[in-house]
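Enquirer: fold the following.
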Amino acid sequence: MVIGRDGQLRQAEVIQSSGHSELDQAAMKAVQGAAPYRPFDRGMGERDSLTITRTWRFGKGNSYGVH
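Expert: Numbers count the residues shown, from 1 in each chain. Below you'll find the predicted structure:
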């Protein structure tokens, strides 16, 4: 995902599918549902954006958005 200086989600994508579209969609829903993020503070310098790569692990008992 890419977050802009203003905290807005600029881009989100699944780089490697879990092989289960429901799980891939749940991960995307979590990222999109948390937006907007906190705008950058002075500690971030002059950065225009922040790119984050996250590995999601779903297991038994994890039912976020998957029913």
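Enquirer: CA atoms for contacts and neighbours, from now on please.
Expert: OK.
Enquirer: show me the shaky parts of the chain.
Expert: 61-67 (pLDDT under 70).
Enquirer: just the strands in it please.
Expert: Remark: strands assigned in the chain by DSSP state E are 2-4, 9-11, 49-51.
Enquirer: kindly reformat those as CSV containing mean neighbour count and distance to V31.
Expert: Converted to CSV, these look like this (neighbours: other Cα atoms under 10 Å; distance: least, Cα to Cα, whole Å):
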stretch, mean neighbour count, distance to V31
strand 2-4, 19, 10
strand 9-11, 15, 9
strand 49-51, 15, 13
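Enquirer: closest one to K29 among those?
Expert: Relative to K29, the nearest member of the strands of the chain by Cα to Cα is strand 9-11, separated by 12.3 Å.
Enquirer: the closest one - contacts with which helices or strands?
Expert: Secondary structure elements in contact with strand 9-11, counted by 3 or more Cα pairs under 8 Å, 6 or more residues apart in numbering; DSSP states H and E, are strand 2-4.
Enquirer: could I get the strands of the chain as TSV with distance to R42?
Expert: What follows is the strands of the chain, written out as TSV (distance: least, Cα to Cα, whole Å):
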stretch	distance to R42
strand 2-4	14
strand 9-11	19
strand 49-51	13
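Enquirer: can you pull the contacts of the residue nearest to S18 when sequence neighbours are not counted?
Expert: Nearest residue to S18, sequence neighbours excluded (Cα to Cα, 6 or more residues apart in numbering): D24, at 6.4 Å. Contacts here follow Cα atoms under 8 Å, 6 or more residues apart in numbering; on that basis D24 touches V14, S17, S18.
Enquirer: for the protein, which residue occupies the most central location?
Expert: V31 (3.2 Å; Cα atoms, centre = their mean).
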